[in-house]
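Trainee: Sharing a model that was predicted from the sequence below.
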Amino acid sequence: MTAATTTKQPVLHGGWYLLALGTELTEPVTGFALGGRALAAVRDQGRIRVFDGTCPHRGAHLGYGGRVIDGRVIVCPFHGKRIGLGEGPGRLRVREHEVLDCGGAVFVRLTDAARADHGFDRAMKELIVTHVIVGAVTGQVSVPPEIVIENAFDIDHFPAVHLVPRLVGLEVAVGGDGELTITTGFRTKAPAWEAGGGEITSRFFARAFSPSLVVTDLGTSTAGRNVVITGAAPASGGCVARIAIAVPRGSPDTVAEALIAGARHAFEQDLRVWQHLDVGAPARLDSRDTPVLAFRAFCASFTAAGD
């Protein structure tokens, strides 16, 4: 028995994943994986489509060397078999998955169950009307995806890791579509995109739409609503974290640049903890961990992909 057959793969949920930043999709066909699930992203007449990436003939990954013909079939790089894309006649076909292409970030959902959406599709379609999404961070992390997303609900890590001087208020709630939200305020020095300088209270409003995806609004100011989108896709040894930022259309380039730099700096701060975290250590949670417990209950509510 090989190592590949003995390695336990993570159970994939039926919610949204941040599959790729826009800069990762430069080829006609690009290979990805969510845990042990191979996926192939295809550029087809200006749109992104995502299919199961494992060839049903002999198991080759269609995303690495596959060639699409007329948006209907992909030619397998192993034996040259023509594999049908999506539903249709024929024995050799691969399933197509729901995709949300937001330009700077591409999301995928492995189920058609509406209950798993939690309003994410609508929220992102509303966002891209007023904002531009830009990729900021891609990095391998040696913890499960839920640990990365849980950070938004771990309020005490903000002062300890990110040196936020003071938090103002706290509310955890379930949104109208079942998404989990947390609201607080960061009392900090004004960031680079704020006018006037000094100290400000920045609103922190995060919405978890799945165990692998959280969207965070950062303040309301003269620069408008700025958004950070954090995704974590299961991978060998942990996950791949991806972060994108969204800025109001027409914002100066300096706003996006400052947000990207901030996202990268925050990721590096978190990475020092994640890369040495004992995820199996006994946890002794207390009342300050109520938001974390709420997030874990939210994660437990998700069914497996395909259920």
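Mentor: Received, thanks. Predicted model, so just to flag it, every value in this text is computed and none were measured.

Trainee: What is the end-to-end distance of stretch 58-78?
Mentor: Distance between the two ends of stretch 58-78: 8 Å, counting by CA to CA, to the nearest Å.

Trainee: Just the strands from the stretch 201-307 of the chain, written as ranges.
Mentor: Secondary structure of the stretch 201-307 of the chain by DSSP state E, counting those that start in this stretch: the strands cover 213-218, 226-235, 238-248.

Trainee: Nearest to Gly80 among the ones you listed would be which one?
Mentor: strand 226-235 (29.4 Å; CB to CB). In this view, the C-beta of every residue, glycine as well, is placed from N, C-alpha and C.

Trainee: quick revisit: redo the strands of the stretch 201-307 of the chain as JSON lines? Include mean pLDDT and mean neighbour count.
Mentor: Formatted as JSON lines, the strands of the stretch 201-307 of the chain follow (pLDDT from 0 to 100; neighbours: other CB atoms under 10 Å):
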{"stretch": "strand 213-218", "mean pLDDT": "95", "mean neighbour count": "22"}
{"stretch": "strand 226-235", "mean pLDDT": "96", "mean neighbour count": "24"}
{"stretch": "strand 238-248", "mean pLDDT": "97", "mean neighbour count": "24"}
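
Trainee: For those, give me TSV that also has distance to Val141.
Mentor: Listed next are those as TSV, based on distance: least, CB to CB, whole Å:
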stretch	distance to Val141
strand 213-218	15
strand 226-235	7
strand 238-248	5
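
Trainee: wait, which of those is closest to Leu163?
Mentor: When the strands of the stretch 201-307 of the chain are compared by CB to CB, strand 213-218 sits nearest Leu163, at 16.2 Å.

Trainee: For the closest one, which helices and strands make contact with it?
Mentor: strand 16-21, helix 120-130, strand 199-210, strand 226-235 (3 or more CB pairs under 8 Å, 6 or more residues apart in numbering; DSSP states H and E).

Trainee: Worst mean pLDDT among the ones you listed?
Mentor: Among the helices and strands packed on strand 213-218, strand 199-210 has the lowest mean pLDDT, at a mean of 88.

Trainee: Dump the helices and strands packed on strand 213-218 into TSV; add distance to Gln275 as well.
Mentor: Below are the helices and strands packed on strand 213-218 laid out as TSV (distance: least, CB to CB, whole Å):
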stretch	distance to Gln275
strand 16-21	21
helix 120-130	29
strand 199-210	23
strand 226-235	14
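
Trainee: which one of those lies closest to Gly71?
Mentor: The nearest among these, by CB to CB, is strand 16-21 at 19.1 Å.

Trainee: Show me what the helix or strand following that closest one is packed up against.
Mentor: Per DSSP states H and E, the first helix or strand lying C-terminal to strand 16-21 is strand 29-34. Using 3+ CB pairs under 8 Å, 6+ apart, the elements in contact with strand 29-34 are strand 16-21, strand 37-44, strand 226-235.

Trainee: Which residues does stretch 261-280 contact?
Mentor: Contacting residues not belonging to stretch 261-280 are listed as 136-137, 139, 141-144, 147-148, 151, 157, 161-162, 191, 228, 241, 243, 245 [CB atoms under 8 Å, 6 or more residues apart in numbering].

Trainee: contacting residues for Gly22?
Mentor: Gly103, Gly104, Ala105, Val106, Ile133, Gly135.

Trainee: If you could redo that for Gly31, that was the one I meant.
Mentor: When the contact criterion is CB under 8 Å, 6+ apart, the partners of Gly31 are Ala38, Leu39, Ala40, Ala41, Gly53, His61, Leu62, Gly63, Tyr64.

Trainee: Just want the angle from the helix ranked longest in the chain to strand 238-248.
Mentor: Ranked by residue count and defined by DSSP state H, the top helix of the chain is helix 253-274. Going by axes from the mean of the first three to the mean of the last three CA atoms, to 10 degrees, helix 253-274 is angled at 160 degrees with respect to strand 238-248.

Trainee: from here on, count from 171
Mentor: New numbering, starting at 171: the last item is helix 423-444.

Trainee: Pull out the buried residues from helix 423-444.
Mentor: Val425, Ala426, Ala428, Leu429, Ile430, Gly432, Ala433, Ala436, Phe437, Asp440, Leu441, Trp444 (16 or more other CB atoms under 10 Å).

Trainee: Outline the domain layout of this protein.
Mentor: The record assigns the chain these domain ranges, following automatic domain parsing: 182-282, 299-447+455-470.
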